[in-house]
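K.L.:
next one to model:
(one chain, ligands or ions: 1)
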Amino acid sequence: MAAKKLVYPAANRNKDPILSVLKRYIQRGTNQTLLEISSGSGQHVAHFAPHFPHVTFYPSEYEPRLLESIAAYANEYSNIKYPLRIDVTTDYRLWGNGIFKPNSLEYVYNANMMHIAPFECTIGLFTNVGQLLKPNGLLITYGPYAFNGQITPLSNVNFDKSLRSQDPSWGLRDVSELKKLAEINDIKLIEIVDMPANNKTIIWRKNMH
Ligand SMILES: C[S@@+](CC[C@H](N)C(=O)[O-])C[C@H]1O[C@@H](n2cnc3c(N)ncnc32)[C@H](O)[C@@H]1O
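P.N.:
All right, here's what the predicted structure looks like:
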């Protein structure tokens with residue numbers, strides 16, 4: 001089983017700083033649910049789940065080949081479900097044969113996808129999450145971002161260039177664009193947390209009605 005577990009060095013470096021942010025936002029209480037979009041290797045969900053035994057974690061991936069690694073990690077924790085194959089550009093009602101109901105989730109977590117996938121994935125993320133979160137539920141995103149058309153520092157400028165040269169539909173997303181996308185999906189940006197290596201964790205909250 002252990003051989004199937006992929007190890008991304010970046011995930012090993014960032015999992016603790018991200019956990020510190022989650023500890024500030026994940027509430028105590030029972031029966032909460034966190035859906036992770038694009039779980040990658042599965043390292044993040046496996047690192048977080050034991051700290052929040054009252055939360056059920058649903059990891060997911062677009063790449064079928066990664067599901068085996070996520071499952072190998074998930075298998076060790078009773079509060080992590082078997083990974084789902086989710087293409088975030090599709091309607092959430094199709095995910096996992098329709099297991100997710102509207103306004104039903106406390107948390108959605110997504111790391112390092114927006115800049116390494118076409119912009120349609122970012123649109124799909126906000127569109128689906130706007131419908132899936134409970135009022136006051138949280139979307140937590142992690143990665144490097146642009147602000148008002150500017151990318152800093154130079155290492156992130158170069159990273160953005162290298163992403164765009166690999167695929168013109170990739171690249172750092174601008175938080176001012178994301179705010180507009182959030183707004184039309186009933187979501188508000190509530191905090192931007194500085195993280196190591198010029199990354200951010202951004203906390204978004206679904207509006208109360
Ligand atoms: C750089 S990896 C990040 C993995 C993990 N979250 C991490 O931080 O280590 C980007 C992920 O986005 C996923 N992705 C690409 N297109 C997607 C889509 N349409 N729906 C959901 N995930 C997608 C890829 O499969 C990939 O695993």
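K.L.:
in the chain, which strand is the longest?
P.N.:
The single longest strand within the chain, with elements called by DSSP state E, is strand 133-143.
K.L.:
contact partners for residue 119?
P.N.:
169, 173 (Cβ atoms under 8 Å, 6 or more residues apart in numbering). No exception for glycine: its C-beta is placed from N, CA and C like everyone else's.
K.L.:
quick one, grab the pLDDT at it.
P.N.:
With respect to pLDDT, residue 119 scores 98.
K.L.:
distance check, it against residue 59.
P.N.:
From residue 119 across to residue 59, the span is 23 Å (Cβ to Cβ, to the nearest Å).
K.L.:
count the residues that sit near the residue of the chain found nearest the ligand.
P.N.:
Nearest to the ligand in the chain, going by Cβ to the nearest ligand atom, is residue 40, at a distance of 2.5 Å. Counted with other Cβ atoms under 10 Å, residues neighbouring residue 40 total 22.
K.L.:
surely it is in contact with residue 62?
P.N.:
No - the pair residue 40 / residue 62 is not scored as a contact, 10.1 Å apart, by Cβ atoms under 8 Å.
K.L.:
got the residues of the chain near the ligand?
P.N.:
8, 11, 37-40, 61-63, 66, 86-89, 111-113, 116-117, 121 (Cβ under 6 Å from any ligand atom).
K.L.:
same thing but at 5 Å, please
P.N.:
8, 11, 38, 40, 62-63, 87-89, 111-113, 116-117, 121 (Cβ under 5 Å from any ligand atom).
K.L.:
how distant is the lengthiest helix in the chain from the center of its chain?
P.N.:
Looking across the chain with DSSP state H, the single longest helix is helix 9-25. Offset of helix 9-25 from its chain centre (Cα atoms, centre = their mean, to the nearest Å): 12 Å.
K.L.:
ok, stretch 57-70 next?
P.N.:
That offset, for stretch 57-70, works out to 13 Å (Cα atoms, centre = their mean).
K.L.:
okay, buried residues for it please.
P.N.:
Applying a neighbour-count criterion of 16 or more other Cβ atoms under 10 Å, the buried positions in stretch 57-70 are 57, 58, 59, 60, 61, 62, 66, 67, 69, 70.
K.L.:
and the closest residue to residue 145 other than its chain neighbours, how far from residue 185?
P.N.:
For residue 145, ignoring the flanking residues on the chain, the nearest one in space by Cβ to Cβ, 6 or more residues apart in numbering is residue 175 at 5.1 Å. Residue 175 is 15 Å from residue 185, where distance means Cβ to Cβ.
K.L.:
neighbour-wise, which of these two wins?
P.N.:
More neighbours surround residue 185 than the other of residue 175 and residue 185, with 20 against 16 (other Cβ under 10 Å).
K.L.:
just give the nearest non-adjacent residue to that one, would you?
P.N.:
Nearest residue to residue 185 in three dimensions, chain neighbours excluded: residue 130, at 3.0 Å (Cβ to Cβ, 6+ apart).
K.L.:
surely the one you found is within a helix?
P.N.:
Yes - counting by DSSP: H, G, I helix; E, B strand; the rest coil, residue 130 falls inside a helix.
K.L.:
so it touches residue 206, yeah?
P.N.:
Yes - if you go by Cβ under 8 Å, residue 130 and residue 206 touch, sitting 6.8 Å apart.
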